[in-house]
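Visitor: Give me a model of this one.
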Amino acid sequence: MRRVCRLKNVTQVIVGRPTRRWFRDIIEGGSLLNRLVKESTEVDVHVIRQDSPTAYRPSLINEIALYRSRTGPQKYWYTLLFILVTTGICGLAEPYIGYRTVGFLFLIAVILSGIFGSIGVVIFSATLGGLVWDFFFIPPRMTLTIASSEDLILLLSYFVVALFTGFLTNRIRFHEKIIREREERTQVLYQSLQDIASSTEKSVFLVKIAERVGKVINAKCGVFLKSEEGKLLMEFNKAYAYELSDKEQAVADWTFRNQKPAGWSTDTISQSDILFIPLIGTQEIVGVFAIKPNKKSRKLDLEQENLLYSLTRQLGQALERHFFSKRIAEARRLRDSEELHQTLLNSISHEMRTPLTAVLSVAQSLQDAQVQKDAQEVGALAMNLTDAGDRLNRVIENLLDMSRLNSGVLGLRLEWQDLADLVGLTVAKMKTPLRNHKIKTFVEPDLPLLDLDLRLMEHALANLIVNAAMYSDPQTEIKIEVKSKEGWLLLSVEDQGPGIPPEHVPRLFEKFYRIPGSRTGGTGLGLSIVKSIVDLHKGHISVEPVQPHGTRFVISLPIPAQPEKPAPVDKI
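Guide: Numbers count the residues shown, from 1 in each chain. Next up, the predicted model:
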């Protein structure tokens, strides 16, 4: 005790006044209070009185009965049978080894009893073994009388050695059990912390923690979380909770509101069959942990309480971080939605207004009779009309896709595709924006297939191509290449524009970001949409400078396991 106080730097100890138990004091060296006062001379000990002045003080007989009840009568019957078997063996061996050596066999029997039984079993086996040895083996036989003083001293020595050896054996077994149980609970706490750290979804680690704690304390465990309105959500999730009755819901709600444990094994609403422990984070309460024992015992022991409170404290902080991350993500979505709303207004006032003005101007020009007679003029106006329509369509598509990405409703429709077909289809649709540029494509032969969303990936590639055409001079070359490298398919778009200053590369894929001084005609959403689409396909996008000038965007997509080819069909 003194060592523990020094190790923990304890100067004040508060203990409850123990009841007086004669038998326990004899075999255990006094109560905890007595040992604490004797050993810890440098520590102040404060004793708290008992609630009832007429507390029950068991007698010596009741003390012995208490030790007997801890084991149960079954092991005493087993001990009696074991002593009888030992007596039979000693009866057969006594003519060869002598009656005094028989005492060592009974001593071994007492030691074995201490391994499998409690202290009461040790006392019972030592007493019974001594009586049997005296009655059947020590002269004069068939009596309890001992003729020789040497035999009397030998019997007393046997009895003392048997008791102390049995006590020590039982104590070693008891401490081994405590260490094993403590190790199991520590392992549960460690594994639970590992589950919390390695799981991204709360439902995953809640299921694992509820199962692990339930196995350790032989109970059914569940977790009830806080709703968005700040109240305890009683609608249970079958994966990590169970249904409560109206009374149990009232106890759970009391625990949530008062942030104190309640129910079974507590002094608050102890008649409830379920123990409710609040899950408290660093700043707020996030839920309630429920424990329903399979076999209702008197109370949880100290080790089980320490495990539960340590675990619920860690679980509360983990759930609080989860709720904080959701709130941060929600705040980020609201901020992005606000920026998107502002960009939409700017696009309507500029990016949409410009092509709409061009459309109206062309429409008015086509109403002129002189213009209608000039076929060349009509063709030029039609080309302008097409350019304005394409520009307006791209702006609307980018705004709609970014809105879907922000809301999280944009899903993938994955199908096996060939990137060569993707490049050919996209370039064919981009003839109008690319009419003033030279297009050079290279696709490595025998490329594997990719499981991707054709429409989304076509949109991403189209945005890169439009970006290259918009920010490079007319009649320059745009290169599109597809090749494989170390388990990845690389899709690159290279232009011969002025290039991107290195200081702007880190923010290039942010929403609404445009390089200062760049040409007009963009919303700052194209590259951000490309990155979001590539991320959805578990790939990544990078940007590289090209010498002497220009920029190369590279989309890297992982090559999955290829689908099995259908078996050839025999022609009839």
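Visitor: Walking through this structure, point out its strands one by one.
Guide: Per DSSP state E, the chain carries strands over the ranges 12-16, 44-48, 219-225, 262-263, 275-280, 285-293, 415-417, 438-443, 450-452, 477-485, 488-495, 540-545, 551-558.
Visitor: Can you give the distance from the third one to the centre of its chain?
Guide: Computed by C-alpha atoms, centre = their mean, to the nearest Å, the chain-centroid distance of strand 219-225 equals 15 Å.
Visitor: tell me what that strand is packed against?
Guide: For strand 219-225, the packing partners by 3 or more C-beta pairs under 8 Å, 6 or more residues apart in numbering; DSSP states H and E come out as helix 202-217, strand 285-293. All C-beta atoms are positioned from the backbone trio N, CA, C, and that covers glycine.
Visitor: If you count contacts, what does the longest one end up packed against?
Guide: I take that to be helix 202-217. Using 3+ C-beta pairs under 8 Å, 6+ apart, helix 202-217 is in contact with helix 149-198, strand 219-225, strand 285-293, helix 302-346.
Visitor: Now do the buried residues in it.
Guide: For helix 202-217, the neighbour count (16 or more other C-beta atoms under 10 Å) marks Lys202, Phe205, Leu206, Val207, Lys208, Ile209, Ala210, Arg212, Val213, Gly214, Val216, Ile217 as buried.
Visitor: what sits against the fourth one?
Guide: With contacts defined as C-beta atoms under 8 Å, 6 or more residues apart in numbering, the neighbours of Val207 are Ala239, Tyr240.
Visitor: How about the first one?
Guide: By C-beta under 8 Å, 6+ apart, the contact list for Lys202 reads Leu225, Ala318, Leu319, His322.
Visitor: make it 7 Å
Guide: Counting by C-beta atoms under 7 Å, 6 or more residues apart in numbering, Lys202 touches Leu319, His322.
Visitor: So it versus His175, what's the distance?
Guide: Lys202 sits at a distance of 39 Å from His175 (criterion: C-beta to C-beta, to the nearest Å).
Visitor: can you list the weak-confidence ranges in the stretch 201-350 of the chain?
Guide: For the stretch 201-350 of the chain, applying pLDDT under 70 flags the ranges 235-236, 296-298, 336-350.
Visitor: repeat that for 90
Guide: 201-220, 222, 225-246, 249, 264-273, 281-284, 293-350 (pLDDT under 90).
Visitor: repeat for the stretch 351-500 of the chain
Guide: Across the stretch 351-500 of the chain, the ranges flagged by pLDDT under 90 are 351-415, 420, 425-439, 445-447, 452-460, 462-463, 465-475, 485-487, 496-500.
Visitor: Spatially nearest residue to the most centrally placed residue in the chain, not counting backbone neighbours?
Guide: Nearest to the geometric centre of the chain sits Ile196, at 2.5 Å (C-alpha atoms, centre = their mean). Spatial nearest neighbour of Ile196, excluding adjacent residues (C-beta to C-beta, 6 or more residues apart in numbering): Ala318 at 4.4 Å.
Visitor: Report how many residues lie close to the one you found.
Guide: Residues near Ala318, counting by other C-beta atoms under 10 Å, number 23.
Visitor: about what we covered before: nearest to Ser556, of the helices and strands packed on strand 219-225?
Guide: With distances scored as C-beta to C-beta, the stretch of these nearest to Ser556 is helix 202-217 (29.2 Å).
Visitor: Hey, what's the angle from that closest one to helix 149-198? Just curious.
Guide: With axes from the mean of the first three to the mean of the last three C-alpha atoms, to 10 degrees applied, the angle from helix 202-217 to helix 149-198 works out at 170 degrees.
Visitor: angle of helix 202-217 against helix 302-346?
Guide: Going by the same axes, to 10 degrees, helix 202-217 is angled at 180 degrees with respect to helix 302-346.
Visitor: and helix 202-217, C-alpha only, in PDB?
Guide: C-alpha atoms of helix 202-217 as PDB (Å, rounded to 0.1, in the frame of the first residue of the first chain):
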ATOM      1  CA  LYS A 202     -19.700   5.300 -36.700                       C
ATOM      2  CA  SER A 203     -22.100   2.400 -37.300                       C
ATOM      3  CA  VAL A 204     -19.000   0.100 -38.000                       C
ATOM      4  CA  PHE A 205     -17.200   0.700 -34.700                       C
ATOM      5  CA  LEU A 206     -20.400   0.900 -32.600                       C
ATOM      6  CA  VAL A 207     -21.400  -2.600 -33.600                       C
ATOM      7  CA  LYS A 208     -17.900  -4.000 -32.800                       C
ATOM      8  CA  ILE A 209     -17.700  -2.200 -29.400                       C
ATOM      9  CA  ALA A 210     -21.200  -3.300 -28.400                       C
ATOM     10  CA  GLU A 211     -20.400  -6.900 -29.100                       C
ATOM     11  CA  ARG A 212     -17.000  -6.900 -27.400                       C
ATOM     12  CA  VAL A 213     -18.300  -5.300 -24.200                       C
ATOM     13  CA  GLY A 214     -21.300  -7.600 -24.100                       C
ATOM     14  CA  LYS A 215     -19.000 -10.700 -24.200                       C
ATOM     15  CA  VAL A 216     -16.800  -9.400 -21.400                       C
ATOM     16  CA  ILE A 217     -19.500  -8.500 -18.900                       C
END
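Visitor: centre of the chain versus that helix, how much separation?
Guide: Remark: helix 202-217 is offset 10 Å from the chain centroid, using C-alpha atoms, centre = their mean.
Visitor: quick check: angle from that helix to strand 275-280?
Guide: With the same axes, to 10 degrees as the basis, helix 202-217 and strand 275-280 are set at 140 degrees to each other.
Visitor: how about the nearest residue to Ile280, chain neighbours excluded?
Guide: Sequence neighbours aside, Gly316 is the residue nearest to Ile280 in space, at 4.8 Å (criterion: C-beta to C-beta, 6+ apart).
Visitor: doesn't Val288 make contact with that neighbour?
Guide: No - contact criterion C-beta atoms under 7 Å: Gly316 and Val288 do not qualify, at 9.9 Å.
Visitor: if we take the buried residues of helix 202-217, which one ends up nearest to Thr165?
Guide: Distances from Thr165 to the buried residues of helix 202-217, taken by C-beta to C-beta, are shortest for Val216, at 33.3 Å.
Visitor: How is this protein divided into domains?
Guide: As assigned by automatic domain parsing, the chain contains the domains 2-48, 60-176, 199-327, 352-404, 411-558.
Visitor: Next, format those as CSV and append distance to Leu334.
Guide: Formatted as CSV, the domains of the chain follow (distance: least, C-beta to C-beta, whole Å):
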stretch, distance to Leu334
domain 2-48, 49
domain 60-176, 58
domain 199-327, 10
domain 352-404, 13
domain 411-558, 14
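Visitor: closest to Arg335 out of these?
Guide: Taking the domains of the chain one by one with C-beta to C-beta, domain 411-558 is closest: 10.1 Å.
Visitor: list the residues that contact both of Gly316 and Val288?
Guide: Leu279.
Visitor: With adjacent residues omitted, what lies nearest to Gly499?
Guide: Per C-beta to C-beta, 6+ apart, closest to Gly499 is His549, 5.1 Å.
Visitor: how near is that neighbour to Arg141?
Guide: Taking C-beta to C-beta, one finds His549 at 116 Å from Arg141.
Visitor: Trp416 too?
Guide: 95 Å.
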